[in-house]
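Engineer: coords below, sequence missing:
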């Protein structure tokens, strides 16, 4: 009788005269050891393959299962999820991704869900079906690693490294490490779509790093001596130096701090409070912080401001000479030399006070009726004299006057009340006592002539008889009186 075609073959016709007429099952398939099969339908693809129909010949083939459709079997082997109509593994788990085919041909993976990257090349990338790099067997949806990767276009891009400035969840969720930082999607040639950091909140700068995939991007807190203020607290890109009057001593996301009251700083980028310069002794900023110049340091009321050497930063506050002190009813003593017009209130200081540039004041002269004092002993000497004291420029004795010492009237006229016109030592034109001594020396009147009253008419002086007590005239005695005075 006729013999059955061997297992793993089939013959659909009749009258076969040789075993060679039995057709072998497609590669990767068997008849499950059954002989005498009559159709290719009896050929079952092995578990790691799925059955397809060639588009040209129409023949049945067993196609290697793509990596993304493989299922692990209980025995440790692999099965292909594309073998079932449900495209599921034996456990009921559906193959990840959208798989489809035309006319029972090969399956193609067309898309992946969020958090997965579509791969269809040996290099792990995705290309079009007609691309030379396309590999059917390499098709799969690769799940991006939670916390370390993300993907924005699952069907086009590979999983990207998570930037330092983001917390990633495997998908395209945007979760910045620094709240308020701004990220946008940007396509990079050869990389794909990535998140690009464009701005940070206040006191951060944008750090992009050197990696093309943007994995080093982050918002970095401004360093010492730096800060950044954006629009409405954001849009910062580059930190700038702390301005004058401010400092920052740590690399933290904070603004620069104001130099404390009674200090100032005229530069930029100060990195420590120690860079804030203390006001000169005896001066304050009147409670204000963040000052930028020594000009903000105001001398105390009983002192006045002096600039040494002509340099704007060599400033000191000098004790007010007693002769320039003012008594303020509300706040005690103040210094008239600290006012623009050298006044106590509306009253000008007595004497001629002057200085070169902004050096210490010198009392140069006093008006008529006053005596200049500039030593601790109550006398007057040249400014270069070792006895000269700046602070002693004042009125001396119990009757101190602001600036100059008033000469009592009794000392100005009592000794000369009996003088008459033409007496020796008097000026016949003015009837005044001339200056006694050099200007600026003790006992002078700083150029102030002493006005004398007109003398009463008196008898002509008589000459004492010879042999008397000196035979002197009255004017001679008067001259000694004047010299003594």
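Structural biologist: Yep, that arrived. Fair warning: this is a prediction, and the values are worked out from it, not measured in the lab.

Engineer: and the spatially closest residue to residue 87 that is not a sequence neighbour, how far from residue 163?
Structural biologist: Excluding its sequence neighbours, the residue lying closest to residue 87 (CB to CB, 6 or more residues apart in numbering) is residue 95, at 4.9 Å. Bear in mind the C-beta positions are built from the backbone N, C-alpha and C, glycine included. As for residue 95, its distance to residue 163 is 32 Å (criterion: CB to CB, to the nearest Å).

Engineer: again, but for residue 303
Structural biologist: Applying CB to CB, the value for residue 303 to residue 163 is 60 Å.

Engineer: give me the more crowded residue out of the two.
Structural biologist: Residue environment comparison for residue 303 versus residue 163 gives the larger neighbour count to residue 163, 25 against 21, counting by other CB atoms under 10 Å.

Engineer: next up, the contacts around residue 345.
Structural biologist: Applying CB atoms under 8 Å, 6 or more residues apart in numbering, one finds that residue 345 lies in contact with 326, 328.

Engineer: rerun that using 7 Å as the cut-off
Structural biologist: By CB atoms under 7 Å, 6 or more residues apart in numbering, the contact list for residue 345 reads residue 326.

Engineer: one more: residue 144?
Structural biologist: By CB under 7 Å, 6+ apart, residue 144 lies in contact with 115, 116, 117, 150, 151, 159, 170, 171.

Engineer: return the member of those residues nearest to residue 284.
Structural biologist: Ranked by distance to residue 284 (CB to CB), these are led by residue 150 at 57.1 Å.

Engineer: so what's the nearest residue to residue 28 once chain neighbours are set aside bridging to?
Structural biologist: The shortest distance from residue 28 to any residue that is not its chain neighbour, by CB to CB, 6+ apart, is 3.5 Å, and that residue is residue 62. Using DSSP bridges, the bridge partners assigned to residue 62 are residue 51.

Engineer: look up how far residue 11 lies from the closest residue to residue 35 other than its chain neighbours.
Structural biologist: The shortest distance from residue 35 to any non-neighbouring residue, by CB to CB, 6+ apart, is to residue 4 (4.2 Å). Taken as CB to CB, the spacing of residue 4 relative to residue 11 amounts to 9 Å.

Engineer: look at the two and report which has more neighbours.
Structural biologist: Neighbours per residue (other CB under 10 Å) separate residue 4 from residue 11, with residue 11 holding more: 17 against 13.

Engineer: return the distance of the more buried one relative to residue 26.
Structural biologist: If you go by CB to CB, the gap between residue 11 and residue 26 works out to 15 Å.

Engineer: now do stretch 72-91: distance to the chain's middle.
Structural biologist: Taking CA atoms, centre = their mean, to the nearest Å, one finds stretch 72-91 lying 62 Å from the centre of the chain it belongs to.

Engineer: er, stretch 33-45 actually
Structural biologist: For stretch 33-45, the distance from its own C-alpha centre to the chain's C-alpha centre is 82 Å (CA atoms, centre = their mean).

Engineer: I would like the residues contacting that stretch, please.
Structural biologist: Counting contacts by CB under 7 Å, 6+ apart, the residues touching stretch 33-45 from outside are 4-7, 9-12, 25-26, 28-32, 51, 60, 62, 83.

Engineer: are any of those buried, and which?
Structural biologist: The neighbour count (16 or more other CB atoms under 10 Å) marks 5, 7, 9-11, 25-26, 28-31, 51, 60, 62, 83 as buried among the contacts of stretch 33-45.

Engineer: so which residues of the stretch 51-200 of the chain form strands?
Structural biologist: 60-64, 70-72, 78-80, 98-100, 108-111, 116-119, 140-143, 149-150, 160-161, 182-188, 192-199 (DSSP state E, counting those that start in this stretch).
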